[in-house]
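*Asks:* How does the following fold in three dimensions:
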Amino acid sequence: MNQKGLGMVEIIVAIAVITVAFTAILQLFKLQVQTERAKREEMAGYTLLSESLEAVRSIRDDNWSNLSSLTIGAKYYPKISGSSWILSISDPGAINGYSRWIVINSVNRNASGDIVSPPSGSLDPDTLRIVSYVEWQSNGTTTSKDLRTYLTNWQ
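*Replies:* Sure thing, here's the model as predicted:
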């Protein structure tokens, strides 16, 4: 009689161990899927950031005054008009769930020509600091990233 009771306890313990192991494996798989999705989302965000900076470079290459005449500190949205990039003040909306924009900042230099923070130095009219932003929602959380570069009037 004791043998039957012991066998039943062994079966229950074995089922419990298998259930815990299976649950752990499922949780690990779920974590891996979430991590891979987050990586894909971040890569898509960085792609849009880079594309925005390339759009601004293209606009600069067409004519420096296309950038230098814009309002410092304002949000601009890169978009294609015809066959070339433009910067618009109107938000074209999200691209596959991602919002992106750029902000143009002035640049100051000291007497040695090094970039310094305002109000130090004097304004360099041939250099602009461009900051590209992207933002998206993931699992109810807003994620945002930015990339920065300097552009000069090289022509």
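*Asks:* What is the subsequent helix or strand relative to the longest helix belonging to the chain?
*Replies:* In the chain, assigned by DSSP state H, the helix with the most residues is helix 2-62. Towards the C-terminus, the helix or strand next in line after helix 2-62, according to DSSP states H and E, is helix 65-68.
*Asks:* which strands and helices sit next to that following helix?
*Replies:* Using 3 or more Cβ pairs under 8 Å, 6 or more residues apart in numbering; DSSP states H and E as the contact criterion, the elements in contact with helix 65-68 are helix 2-62, strand 122-138. To be clear about C-beta, it is placed using only N, CA and C from the backbone, and glycine gets the same treatment.
*Asks:* following it, which helix or strand comes up?
*Replies:* Toward the C-terminal end, the helix or strand that comes next after helix 65-68 (DSSP H and E) is strand 75-81.
*Asks:* between that following strand and helix 2-62, how many degrees?
*Replies:* When axes from the mean of the first three to the mean of the last three Cα atoms, to 10 degrees is applied, the directions of strand 75-81 and helix 2-62 differ by 80 degrees.
*Asks:* Please tell me how far Glu51 sits from Gly45.
*Replies:* Spatial separation of Glu51 from Gly45 under the definition Cβ to Cβ, to the nearest Å is 11 Å.
*Asks:* Would you mind telling me which of the two has the busier surroundings?
*Replies:* Here Glu51 and Gly45 are compared on neighbour count by other Cβ atoms under 10 Å; more neighbours surround Gly45, at 22 against 16.
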